[in-house]
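Q: Sequence first, then the predicted structure:
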Amino acid sequence: MGFLAARWRQGDQSANLDEWGLGGRSFGTWITWFLLGGDLYTAYTFVAVPAAIYAAGASGFFAVPYTILVYPLIFTFLPRLWSVSHRHGYVTTSDFVRGRFGSKGLSLAVALTGILATMPYIALQLVGIQAVLDVMGVGGGAHTSGFVKDLPLLIAFGVLAAYTYSSGLRAPALIAFVKDGLIYLVIAVAIIYIPIRLGGFDAVFHAAGKALAQHGPTGKPRGELTSGPNAQWAYATLALGSALALFMYPHSITATLSSRSRDVIRRNTTILPLYSLMLGLLALLGFMAVKAGTDIKGNPQLAIPQLFADMFPSWFAGVAFAAIGIGALVPAAIMSIAAANLFTRNVYKDFLRPGATPEQEHRVAKLVSLLVKVGALVFVLTMDKTVAINLQLLGGIWILQTMPALVGGLFTRWFHRWALLAGWAAGMLYGTLAAYGVASPTQKHFGGSSAEIPGIGQIGYIGLTAFVLNVVVAVVLTFVLRAFKAPEGTDETSPDDYTADLGDEGVTTDLPPATAGAPAGP
């Protein structure tokens, strides 16, 4: 399907970034829904959310409220981003920031943050595949040579790299139909079949409550079945901060800009919460793994694959593992395309080759998408998995610091470009140093994403604290710089750009003629 997608819904101009990196900006409501679902609800979500609940209980449920909070938020700003991007041919968030504030420096900061935050995210998709392969016993045992043991992962990577290179965003868009269908099927079966085998939900929650109340090596309970008062600040700030960060990630924006109209975006924000319902059911699998006494071999990431292997007949366990595997390949493809778009538009074209033609951009983006995936693969094969997880947590803190420039810029030109850059730097520095100082029972640094909130004394999400600092610095410095009449840069957008739809007078995009006049229906 990935290779066939190269000829699916293809426009007249295949050698440009709009066609390869945004699918020709031609996707309707249902394609976008599956694409965004495949993009946001990844294999690592499938593995990590229940694993967090298996390990610590209720705190892992933060993913459910944050995916509920996010959709009203994006309803307010994503249609505006779509409109201005289509009118000016923007491919990335950094394109918009450069056009809005007239600042290549601020644009570069947003681009590098996006690439930096995306790399460990791609690596974690490969970690998800590897967890399935470990449970299946594919690749040999502990004494097998490194190459043979990693061969299945290398093959999966090779397929991913090849179809992404040839088909661009159309490949994950087409495969997402299969991925989401399989995941819905597996969860529907799991939420009914596994509790029946375990004696019902009453038995599941009773066993989980007892297990989580047991004291670990630190002398504290392993976790909680429901969040207590001491955990509420951490829980709430993590949910809110994660909601603010989710659509700052480049892959989320790439899937959004592939839509054919702003109404497609608005409709998607109303139906995407169906995935949140699925996520809530998926999270309960963590409690089921506790009740089942699943052997995780010291790695909580194996809890769900091992639960499936223990509970399901072998043929359906294979279906479940396929769902996780495809659930890794779809978002990994979108993430690598998004990172390639950022590098090509906002590093290569802005700084290395300003006169690059659309064909050159297209060629560079395809090569960079390969390099990004190779980097993620090397990361997974050579480093401890906890490093990848820690860097992904850090990536969430980092990407949140791009929000003032992006979302603020969509609604106002009041912020000064230098103030936004200073706020970004302050948030990045504080967030990184605060995360470095967090210890856990297994590591001295980067042991989590929560720390004491200065001035409040409660434990909260570091990313949200850094974001508040970022906004405060940007506001104060904007007043100062305006008082000194510092040059503000040129804004190439106009107010009606933010409400334009495809077909409105003045809309200029890089779409081929056959697509540009397409109706805005699903």
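A: Sure, I can see it. Numbers count the residues shown, from 1 in each chain.
Q: Tell me the helices and strands packed up against the helix or strand in which residue 397 is found.
A: Element membership for residue 397 (DSSP states H and E) is helix 385-400. Under the contact definition 3 or more CB pairs under 8 Å, 6 or more residues apart in numbering; DSSP states H and E, helix 385-400 sits against helix 104-136, helix 232-246, helix 417-436, helix 462-483. In short, each C-beta sits where N, CA and C put it, glycine included.
Q: Please name every helix or strand in contact with the last one.
A: Looking back up the chat, that one is helix 462-483. helix 232-246, helix 385-400, helix 403-411, helix 417-436, strand 450-452.
Q: now swap in the third one and tell me
A: Taking 3+ CB pairs under 8 Å, 6+ apart as contact, the helices and strands that helix 417-436 lies on are helix 104-136, helix 385-400, helix 403-411, helix 462-483.
Q: Show me the least confident stretch of these, going by mean pLDDT.
A: For those, the weakest mean pLDDT is recorded on helix 385-400, namely a mean of 82.
Q: Export it to CSV, keeping only CA atoms.
A: In CSV, the C-alpha atoms belonging to helix 385-400 read as follows (Å, rounded to 0.1, in the frame of the first residue of the first chain):
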residue,chain,number,x,y,z
LYS,A,385,15.8,2.7,25.7
THR,A,386,15.4,5.0,28.8
VAL,A,387,17.5,7.6,27.0
ALA,A,388,15.0,7.6,24.1
ILE,A,389,12.1,7.9,26.6
ASN,A,390,13.8,10.7,28.5
LEU,A,391,14.6,12.7,25.4
GLN,A,392,11.0,12.3,24.2
LEU,A,393,9.8,13.8,27.5
LEU,A,394,12.3,16.6,27.0
GLY,A,395,11.0,17.0,23.5
GLY,A,396,7.5,17.8,24.8
ILE,A,397,9.0,20.5,27.1
TRP,A,398,11.0,22.0,24.1
ILE,A,399,8.2,22.0,21.5
LEU,A,400,5.8,23.8,23.9
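Q: report the angle between the axes of the helix holding residue 397 and helix 104-136?
A: 150 degrees (axes from the mean of the first three to the mean of the last three CA atoms, to 10 degrees).
Q: For helix 385-400, what is the distance to the chain centroid?
A: Here helix 385-400 is found 11 Å from its chain centre; the criterion is CA atoms, centre = their mean, to the nearest Å.
Q: Ok, stretch 270-286 next?
A: 16 Å.
Q: And it, what's buried?
A: Buried residues in stretch 270-286, counting neighbours by 16 or more other CB atoms under 10 Å, are found at 272, 275, 276, 278, 279, 280, 282, 283, 284, 285, 286.
Q: roughly how far apart are the second one and residue 420?
A: The gap separating residue 275 from residue 420 is 32 Å, by CB to CB, to the nearest Å.
Q: And for the third one?
A: Using CB to CB, one gets 31 Å for the distance from residue 276 to residue 420.
Q: same check, this time on the first one
A: In this structure, residue 272 and residue 420 are 29 Å apart, going by CB to CB.
Q: looking at the helices and strands packed on helix 385-400, which is closest to residue 377?
A: With CB to CB as the measure, helix 104-136 is the member of those nearest residue 377 (6.3 Å).
Q: Please point out which parts of the following helix or strand past that closest one sit buried.
A: Proceeding N to C from helix 104-136, the next assigned helix or strand is helix 146-167, under DSSP H and E. By neighbour count on 16+ other CB under 10 Å, the buried set for helix 146-167 is 149-153, 156-157, 160-161, 163-167.
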